[in-house]
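> Provided below are the primary sequence and the corresponding predicted coordinates.
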Amino acid sequence: MDQEKFDEEFKKLWKESPLSHSEDEKEASWEQFHSITFSKKKRKFKPWHLYAAASVLLFALIGTGFYFTENPSAENVVLSENVIENKTSTIKYVVLPDSSKVELAPNSKIIYGNDFALNRKIQMDGEAYFKVKKDKQHPFQVFCDETTTTVLGTSFIVKESKNEEITVELFEGSVQMNVKGQNQKWILKPGEKFTYGNQTASVSEFSRFVDFDNENLSAISHYIEENYGYKVVLPKENQNQKITIRINRKEDLKTILQLLSEMYNLNFEINEDLKQITFQ
């Protein structure tokens, strides 16, 4: 619409004022408004305004720090605001903002955003055991190479080997596995293992438990030391006592200690500084 036509249309609207005003008053009012509001000199359009806006947007996106996989999509974009890496030779214990727990293996890394409680997406490299807090409204997703593990509340291990083979072992609950570029979904049950490598996926069973069949109690001590990183000191009179027990491979350490203390009428003390558990 040109300026002349715009003036005509706007003038019609202006004159649609209450009937209490005379036509002369309306005309005088319009002339005063027009002279003040619309100058004869037109403003020049400055394209650099758009360039400035684009620059600000680009800076904002760079500053946010998005982490993309090779083919970014709404499902596999993880904000890289929080990077936790385990450069030690022992397991690193991490509590996520939603209270989920991660046991991060040596030479492994997880990445997640500041809005994790509402957007529970994690990018990982290496190996990690996840114990996920249940939240039906916010599914928990782990992206590792081309695989996506989606859970609501469960415990499982995700492991990436040196030859880029991905393994997911499910201990509790259920998980859904997806592979980028494939429509098929795999639903795992406790005790099932998903393996993906060389563009081939498979599901098999694995043992969730460790069995001690009429073995010395000291064998449990060695197991705890190897798998939980705590040295166990037992009274001499108990070291050769026999025990038959089945333990979930990812059982909480305190649950095992409480069970042993009740079975043998012992008390235990944990020294975090020395990483030592003493039964007496």
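Ah, there it is.

> all contacts plus neighbour counts: C-alpha atoms, from now on.
Noted.

> the closest residue to E160 other than its chain neighbours and S108, how far apart?
With sequence-adjacent residues excluded and distances taken as C-alpha to C-alpha, 6 or more residues apart in numbering, E160 is closest to I166, at 4.6 Å. Per C-alpha to C-alpha, to the nearest Å, I166 is found 14 Å from S108.

> ok so, going back, quick one, what contacts the residue nearest to E160?
C144, D145, T147, V158, K159, E160, F194, T195, Y196, G197 (C-alpha atoms under 8 Å, 6 or more residues apart in numbering).

> secondary structure class for K254?
Taken by DSSP: H, G, I helix; E, B strand; the rest coil, the conformation at K254 corresponds to helix.

> out of the contacts of I166, which are buried?
Taking 16 or more other C-alpha atoms under 10 Å as the criterion, what is buried in the contacts of I166 is C144, D145, T147, V158, K159, E160, F194, T195, Y196.

> mind checking how far I111 is from E146?
16 Å.

> can you check D135 too?
Remark: distance between D135 and E146 (C-alpha to C-alpha) = 25 Å.

> of the two, which one has the most company?
Taking neighbours as other C-alpha atoms under 10 Å, D135 and E146 compare with E146 leading, 18 against 15.

> I'd say K109 and I122 touch.
No: using C-alpha atoms under 8 Å as the test, K109 is too far from I122 to be in contact (10.0 Å).

> walk me through the domains of this protein.
Per the record, the chain has its domains at 66-205, 209-279, by automatic domain parsing.

> export those as JSON lines, with columns for mean pLDDT.
Listed next are the domains of the chain as JSON lines, based on pLDDT from 0 to 100:
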{"stretch": "domain 66-205", "mean pLDDT": "86"}
{"stretch": "domain 209-279", "mean pLDDT": "91"}
